[in-house]
Each structure stands twice: as structure tokens, then as C-alpha cells.
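Engineer: Sequence and computational prediction follow.
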2 protein chains.
Amino acid sequence: MKKISIFLLLFCGVLNAQPNAEVDKQLKSIYSAALLEGQSYSWLDHLSNQIGGRLSGSLNAERAVEWGKEELETLGLDRVWLQPVMVPKWIRGTFEYAHIETSPGNTVNMPICALGGSVATPLTGIRAEVIEVIDFEELQSLNKSDVSGKIVFFNRPMQADLINTFESYSGCVDQRYSGAEVAANMGAIAVIVRSVNLRLDDYPHTGSMSYGKLPLRKRIPAAAISTNGAELLSSMISLNPKLRFYLKQNCKNLPDVQSYNVIGEITGSEKPDEIMVVGGHLDSWDLGDGAHDDGAGVVQSMEVLRLFKKINYQPKRTLRVVLFMNEENGMRGATKYASVSRSKKENHVFALESDAGGFSPRGFSIDTTPKKLAAIQSWGSYFEPYLIHMFVKGGSGADVGHLKTDANILAGLRPDSQRYFDYHHAESDTFEAINKRELELGAATMASLVYLVDYFGL
Amino acid sequence: MKKISIFLLLFCGVLNAQPNAEVDKQLKSIYSAALLEGQSYSWLDHLSNQIGGRLSGSLNAERAVEWGKEELETLGLDRVWLQPVMVPKWIRGTFEYAHIETSPGNTVNMPICALGGSVATPLTGIRAEVIEVIDFEELQSLNKSDVSGKIVFFNRPMQADLINTFESYSGCVDQRYSGAEVAANMGAIAVIVRSVNLRLDDYPHTGSMSYGKLPLRKRIPAAAISTNGAELLSSMISLNPKLRFYLKQNCKNLPDVQSYNVIGEITGSEKPDEIMVVGGHLDSWDLGDGAHDDGAGVVQSMEVLRLFKKINYQPKRTLRVVLFMNEENGMRGATKYASVSRSKKENHVFALESDAGGFSPRGFSIDTTPKKLAAIQSWGSYFEPYLIHMFVKGGSGADVGHLKTDANILAGLRPDSQRYFDYHHAESDTFEAINKRELELGAATMASLVYLVDYFGL
């Protein structure tokens, strides 16, 4: 029986770490400080409502950089600095407009927005018949001559019966990202893409797109249409396949401009060369105020360092917050940060990103070795009082993913995903869509994992 | 080693049920049907926007009863009926108004609402000094002569650092429920109670209150004040302890009226005498449209039976949906249903309530024997793909709680609780605060547990 007990003990050890009153106490301090004296919500109020949407290269992005640096400087960190990085500058321009021509002289306005990176239409707009398809395969099965001179309408909806909405997103986003390239190669003169949104509503959702290797002269305008608009357009095409769509937009790509990652750090007391990063991206799309994407991640990451100061926890390892620039349309901040860190031979033992919205946290997606993953999973019991239950193997985040090594731990905060795509890249992504407690719980959950990694070491 | 393996197997068995492809498939069907072809959201749209707030005894409550019966009759159930029950009728009246008199002739309006069951003020209102207290203990430590003739202001906020907001609610609700009784016994002439809300905003939140054994002539008016109002009032009292508060309301208790529980059932194919109940409450407060409390629970419970029909699952046991009347201010529907079922010697083996809002489901709170609780917990792995992780020992719900026996299983759906008290009993509890997917996931989660109880038996 003794043997069995030892075996069981080992077995249980994999499932749950041994009780540790100090750890329990620190996690309680972290959550209490976040919920009772948190600063993330008022920071986000400022970033969303006083600054607003902050697309890379914009004046607002500059203001956000200044604000981030100033706020980090109030926290008593050991070092705060700006890391220069050149970023693309795309501007939406002064008009975006579309309608369906239901019969000569009769039109119905359509809610659209240009996709980020798209070229403009001619000043007089584009007026053409529409080919509706569900995916690239369907489009490429058509005769080029049937597509030529027309507008391609990609109308594949998000799959509603997937529980994790990010999976549904992955299943649709190709039409937004590469639709224009594929359609241009078939002779189309513009693309309209169904917004990547699970709701039926009137908001067009923008997002990045790429023309791949398409030469400049072959690039065609790309716009997103709201889900309601897509449904209406589709039903009207089924009534009249010859109907014409009119689209006009004057967005523009300008030369790269100077911008910055904003960085602050608490130097580690015992292992200063081992760096732990928390981060989100400071840029956002221009339509809403970027409260969920990724204002939430920015203020939660800043809050991790503030909470450590608040509870008087001095990390053994260096804890760095990085507010990455240009995640949305270029990832220049993340690649710059990673390349500088490589050239300095910095050792990033851990990096945690929050870029999935400021909703109730459920856990983490973790990218590391099986052994380290199991160790983190064994800490699950410490998180039980806070209803944090997901410690799954998976991707970390678009920004910290660039720091991957064979041995380190990358992770992404995983909030409840049900509402995220209601707001993602749309005018509806505003501060009003944020719940204070949900935001604060996310910050506390991040701080707790950082604390555990630092306390136990891995 | 063999012994160890068997032991481990048994040990693991407690943690996780054996894989069962049929169960996996049925749960997938349930979730897919709820998310792809669900009816809960459009039902709730009707109940919230076409009917609206439906306080017991009101015309809207009557309309909700008719609507519930008609909708259940469309589902092809074996039986649908109304169970008569007399309910209290309290009406808010035609005015509620309050202000602070900051100096003679200068007033600041205060957002208040009468608590459900409160008596009116005199027609000319009540104007008096205010005594602010944090709890009954503080109030009762004062001299009666200092309280006499004054308005008592209960200002204990919800505790923000509890993760489960229902715990914070429990820690505050006594001042709303019994504040008037306690204050009247100290000689107060009215009570103002801080709204049970974690946010700082302008909505007063109503809710039930009781005068206990206080005779009619000793009853004093009770009103809730918004959290912002409470903060302002408190700070103004600290500047001027002699300030006067003015309160006017003409709510009224009327004689009981006839109403109904709405019930529908699918007769069990093998064990028709074993009854499984799913339910929520059809009445709501009158301020919002009761979308979260408890329109969500109503439509989710109806949806459970519709989903079973949709996936062609014929339960072995009788499955009954009960839309309880009068949960909010009397619990008459639940006590009537329980007493009728006792007199008929009905055997309720399982009852599941949804009355915690239409938010992302996290799991269940379960009230049963340790053995049955462990069995349900062993099904956790079936729920993993749906991110359902809470199977905790605890209370079920205010309505189904009346069906408790030594052997049966009572349970309550536990959605994410962070946002619930933003809306609870306030004008802000409207359909717009509902997310379609979160609502649908709740319905599917309920249907899945009912299915498992029926499939495995307990």
C-alpha cells in the first residue's frame, strides 16, 4: 500500500502542485489589488476616449506612444524607454461609399469600409456586376472571362458552432487577407468581403490585407461589407444576378514613418539577465477606439508591473512591459523588438501577451516544451479560486510569438471569446464595450502567472 | 504493478468518465443545434421587447403567461398546461422622486426607485435629516432618540474583491431586504438603500423587501438610490451632517390576483414517473425588460425541450419545463408547484434552474448527495470541448430549491457572474445587454446536463 501511495502522490503531483500558503496569499493580494485599487480601467478610459483609434503612423499613435511612456514613468520602474521602429502609414482617406443598383436609378446604400492596405478606386468609383463566392476554390473554378471586369464578393460566414470564436475567425480571414490578390489574378476589378463578425449587424469590420507579389498596377480595391449588408447583397444577387454594385474609396499608402515600441522594466533582483515580458499592442485600427483590440492588452500589461509594485513583490527576474507598435498592419514593432533582443543576446525566458479582448479571463494558451507546459498546468489549483481553468497547449500571440526559442515559455491570455468578434476592427470597439471587473480580472490573472513563473522558476 | 494499475484506473474513474462516443456525439448535436438553429434569442427578443417588464400581477405578466403557453404549444410536447397560483400585486405608482437639500432652496435630484413591497410616502413627501450607516449593527448601536424622525441611509457597498459576484450580493442584500424593518424599529421615518450594484452609475436597482412582523401603521417607505447617488449623498453628508433629504413615492400593495406557472412536458419513454425539471421565472421586476433576470432562464429552459425534439432525443424520464411565476416578490409559483407535486406524490429526480443571467456558461452549482455529486463531476470531461468547468457543491436556485429531497439532484446553471449586477433589477436589464451566443451556450449546457442525467441515470 505504501508503494501505491507514493505512486499516487507522484501522480497527483502532476495534476496539482502542493499547497503553498505563500503563493495563495500573493495571488489573493494580486487579485484584491486589481479589483479594489486597479488602474487598468481608468488608463483604458484615457487611451480610448482621450486618444482614440491609433493606427500606425497616425497622430493618435504618436500621442499613444507619449502617453504610454509618461504613464510608465509614474510607476517607479527601473527603466522606461522608447525603441524606434519605422512603420507603414496607410490612411483611410476622406470617403468610402457603396451602393447596390437595384434597377436603373434605384440604389440601396451599403455599409462598407476599406480594408487596411487597400488601394483607392478611381475618383469616379467602380460600377460593375458582382460574382458571389464562398472561397478561393469556388472562385478559381470559374472561367477567367466570367470574372473579368467584375467585382468579386467573398461571402463565407464565420462558423457559428465552433465554441472558440478565434477558430471561426481562422476559418474566414483568408478571404479578407488574400481575397484581393486571388481575385485580381482572375481579372476582377474590386473585392467586397463579408465582415468577419458572428453577429448580423450594420458594422463593417476592417483588417489587414495583402496583395502578395501583385505589382502595383494590378492591385484592386478591397472593402469589407457589414454582415447585414452581405446578407442583403447576397439575396439581391439571387433575385437579379446582373445587378450592379458601386464602390468608391480614396484610401492611400504613404511612405513609412518613425514610430516606437514603448518599454519599461523592473530589474530582476537575482537573475536580471532572465527577462520576462508582458505586452499588448499600442496601435489599433482607426474605426473604433480600439478598447478591446488592444487597449485592454496594453493597460493589463502595464497593470502587471503596477500590481507588483503595489503588493511589494520584487521579481527575481527582470520584468519588462512592451507596448508593441504596428501589430495590426505590419508587425514591425514585434520584429524590431525581437531582432534587437537577438542582437543583444537577451534571454527571454517567458513572454505573455494579451490581445484577445478585455473579457472575463478563462486561462492561457501556452507555447513551450511539454515539461514546462505540464509544470504550468500543475499550478492550476492556485488559480481555482479565480475561476481560471484553461492551460492549453497553443499559440501565444502575434507579437510575443517572435521571441520563440527551443526552451522558453510563450503564452497568451485567453479571455472568454464569445463577444470578441462583435467589436473586432469595427466602429463598435469602444470603451463602453469594456466591463471594468472583467478587464481587471484579466490583469490580475496575467500578474499571477508572471508571479508563479518567477517564484518557482522553470 | 497490476494492483497499482487497477487502483489508478479506479482513481482516474472518479476524475473522468470513460470515453463514450455516443455521449460525445449527442453533446455536439445539442451545442450545434443551439448555435446554428437556436430559438432562445428570438424568444427572448419577443419576451423583452414585445412584452417587457412583467411584475407579478401586472398585465404584462398575464401576457407573458399567454405567450409562454402558446410557444410551448408549438413544440410538439406531450402536454402543456397552466397551474393557477395567487400572487401578490405591488405597483410602483405614478411618481418616485428624491432630492438633497444642500442649502435652503438649493436641491440636487437623486436617482431613486421604490423597493418592491414598500409603502408610499405621504403625498407631500418626507423631508428629514439623514443618518448614514454601514450595517444593522452600526444602526442599532445608536441612541434611538438620534435616529427617531430621520431617514436612515444604508450605504454598505458590494465587496469588489470577491470573484463570484453573487457572494458580494449576499453580503449586502440584508440592508435592502430588512433595512426598513430594522430602521423603523429604531424610530426612522424612511430608508434609502445603496443599490446592490458593483458599478458606479446612475441606475437605482429595485428588489424585494419585507417589513417582517411590523404592523401596518409602523411601516416606513423604502427606496434604492443609485451607486453614484449614494456616493454623492455620502460625501455631502460628510460636509453637512444636517442636510435634509426629500423623498416622495406612491407605490402600493393591492390584493392578490390570479396568475399561473406555465408548464410543458415530454413524457418519459421508460420511466415516465421520474420527473426532470428545467426552469426559470417568468415574472421580472418592472424597471427594465427583465432580459437577464430571468427572461434568459425562461427561454433557455424552453430551448432545452426544443433542442431534444430537434436532435430527436426521446428522454427515458419525463422532462418538464416550468416557467415559475412570482420568484421576485413572493415565490408563490415555486411553493405552489412544490406543494402540488408533493400532494400528487410526484418523484422529481432532477431539477435544473437558470436564474443567474444569460452570460457565458461556466458550469453548475449542485445540491445533492456526495455520491451523485461525484458522479456528475465525473462527466466533466464531456463538457471540456464547451469550456464548461464548474461542477461545485452549492445551492441550486430559488425556485427549484423547493423540490429538495434526500435523494434527488438540484442544480443551478452558473454563468460568468461579472456583469450580472450591472443589470440586476434595474432599467439597464434589457435585451441589448444579451449576447446571442452566450445565451445559446447556456441553453446547450443545460440540455447537455439533462441529457447526461437521463442517459446515465443517477
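Structural biologist: Here it is on my side, so go on.
Engineer: hey, let's count contacts and neighbours off CA atoms from now on
Structural biologist: Fine.
Engineer: Show me what the longest helix along chain A packs onto, helices and strands only.
Structural biologist: As assigned by DSSP state H, the longest helix anywhere in chain A is helix A:436-456. On a contact count with 3 or more C-alpha pairs under 8 Å, 6 or more residues apart in numbering or on different chains; DSSP states H and E, helix A:436-456 meets helix A:21-37, helix A:40-45, helix A:296-310, strand A:361-367, strand A:409-415.
Engineer: Alpha carbons only: can I get the third one in CSV?
Structural biologist: Think helix A:296-310. Provided in CSV are the C-alpha atoms of helix A:296-310 (Å, rounded to 0.1, in the frame of the first residue of the first chain):
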residue,chain,number,x,y,z
ALA,A,296,-7.2,46.2,-23.0
GLY,A,297,-3.9,44.2,-23.5
VAL,A,298,-1.9,47.4,-23.2
VAL,A,299,-3.4,48.5,-19.9
GLN,A,300,-3.4,45.0,-18.5
SER,A,301,0.3,44.6,-19.3
MET,A,302,1.1,48.0,-17.6
GLU,A,303,-1.1,46.9,-14.7
VAL,A,304,1.0,43.8,-14.1
LEU,A,305,4.1,45.9,-13.2
ARG,A,306,2.0,48.3,-11.2
LEU,A,307,0.5,45.4,-9.2
PHE,A,308,3.9,44.0,-8.4
LYS,A,309,4.9,47.4,-7.1
LYS,A,310,1.6,47.7,-5.2
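Engineer: Which elements pack onto it?
Structural biologist: Helix A:296-310 packs on helix A:21-37, helix A:40-45, strand A:271-281, strand A:317-324, helix A:436-456, going by 3+ C-alpha pairs under 8 Å, 6+ apart.
Engineer: what about A:G333, distance to A:Q140?
Structural biologist: For A:G333, the distance to A:Q140 (C-alpha to C-alpha, to the nearest Å) stands at 36 Å.
Engineer: Settle it for me: which of the two has more neighbours?
Structural biologist: Using other C-alpha atoms under 10 Å in any protein chain shown as the criterion, A:G333 and A:Q140 rank with A:G333 on top: 28 against 15.
Engineer: Run the chain-centre distance for the helix or strand where A:R342 lies.
Structural biologist: Per DSSP states H and E, A:R342 falls inside helix A:332-343. How far helix A:332-343 lies from its chain's middle: 18 Å, per C-alpha atoms, centre = their mean, to the nearest Å.
Engineer: Buried ones in the longest helix of chain A, by neighbour count?
Structural biologist: Neighbour-count burial for helix A:436-456, counted by 16 or more other C-alpha atoms under 10 Å in any protein chain shown, picks out A:436-454.
Engineer: Which residue, neighbours along the chain excluded, lies closest to A:S48?
Structural biologist: A:D289 (5.1 Å; C-alpha to C-alpha, 6 or more residues apart in numbering or on different chains).
Engineer: Next one: that neighbour from B:F383, what distance?
Structural biologist: Distance from A:D289 to B:F383, by C-alpha to C-alpha: 36 Å.
Engineer: neighbour count winner among those two?
Structural biologist: A:D289 (27 against 18).
Engineer: which residues of the stretch 1-150 of chain A fall in helices?
Structural biologist: Assigned by DSSP state H, counting those that start in this stretch, the stretch 1-150 of chain A shows helices spanning A:2-15, A:21-37, A:40-45, A:59-73, A:136-140, A:144-147.
Engineer: Show me what from the stretch 151-300 of chain A comes close to chain B.
Structural biologist: Applying C-alpha under 8 Å from any C-alpha of the partner chain, one finds that the stretch 151-300 of chain A approaches chain B through A:A160, A:D161, A:I163.
Engineer: got a pLDDT number for the last one?
Structural biologist: Read it as A:I163. Note for A:I163: predicted pLDDT of 98.
Engineer: Next, it: secondary structure please.
Structural biologist: coil (DSSP: H, G, I helix; E, B strand; the rest coil).
Engineer: Let me know how buried the residue lying closest to it once chain neighbours are set aside is, in neighbour terms.
Structural biologist: Computed as C-alpha to C-alpha, 6+ apart, the closest residue to A:I163 that is not its neighbour in sequence is B:Y386, at 6.2 Å. The local packing of B:Y386 (other C-alpha under 10 Å) involves 19 other residues.
Engineer: shouldn't B:Y386 be in contact with A:L162?
Structural biologist: No - the criterion here is C-alpha atoms under 8 Å, and B:Y386 misses it with A:L162 at 9.0 Å.
Engineer: re the thing from before, okay, the residue nearest to A:I163 and A:V193: tell me how far apart.
Structural biologist: From B:Y386 to A:V193 the distance is 30 Å (C-alpha to C-alpha).
Engineer: Equivalent analysis for A:K372, please.
Structural biologist: Where A:V193 is concerned, A:K372 sits at a distance of 41 Å (C-alpha to C-alpha).
Engineer: So for those two, which sits in the more crowded spot?
Structural biologist: Ranked by neighbour count (other C-alpha under 10 Å), A:K372 and A:V193 place A:V193 first, with 32 against 16.
Engineer: Go ahead and flag the most central residue of chain A.
Structural biologist: Centroid-nearest residue in chain A: A:D355, 4.3 Å away (criterion: C-alpha atoms, centre = their mean).
Engineer: quick one: contacts for that residue?
Structural biologist: Taking C-alpha atoms under 8 Å, 6 or more residues apart in numbering or on different chains as the criterion, A:D355 is in contact with A:G280, A:H281, A:D293, A:D294, A:A296, A:G297, A:G397, A:G412, A:L413.
Engineer: could I get those as a markdown table with neighbour count and distance to B:D422?
Structural biologist: Converted to a markdown table, the contacts of A:D355 look like this (neighbours: other C-alpha atoms under 10 Å in any protein chain shown; distance: C-alpha to C-alpha, whole Å):
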| residue | neighbour count | distance to B:D422 |
| --- | --- | --- |
| A:G280 | 31 | 28 |
| A:H281 | 30 | 29 |
| A:D293 | 30 | 23 |
| A:D294 | 28 | 24 |
| A:A296 | 32 | 20 |
| A:G297 | 30 | 23 |
| A:G397 | 23 | 31 |
| A:G412 | 27 | 28 |
| A:L413 | 28 | 25 |
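Engineer: between the residues you listed, which is nearest chain B?
Structural biologist: A:L413 (15.1 Å; C-alpha to the nearest C-alpha).
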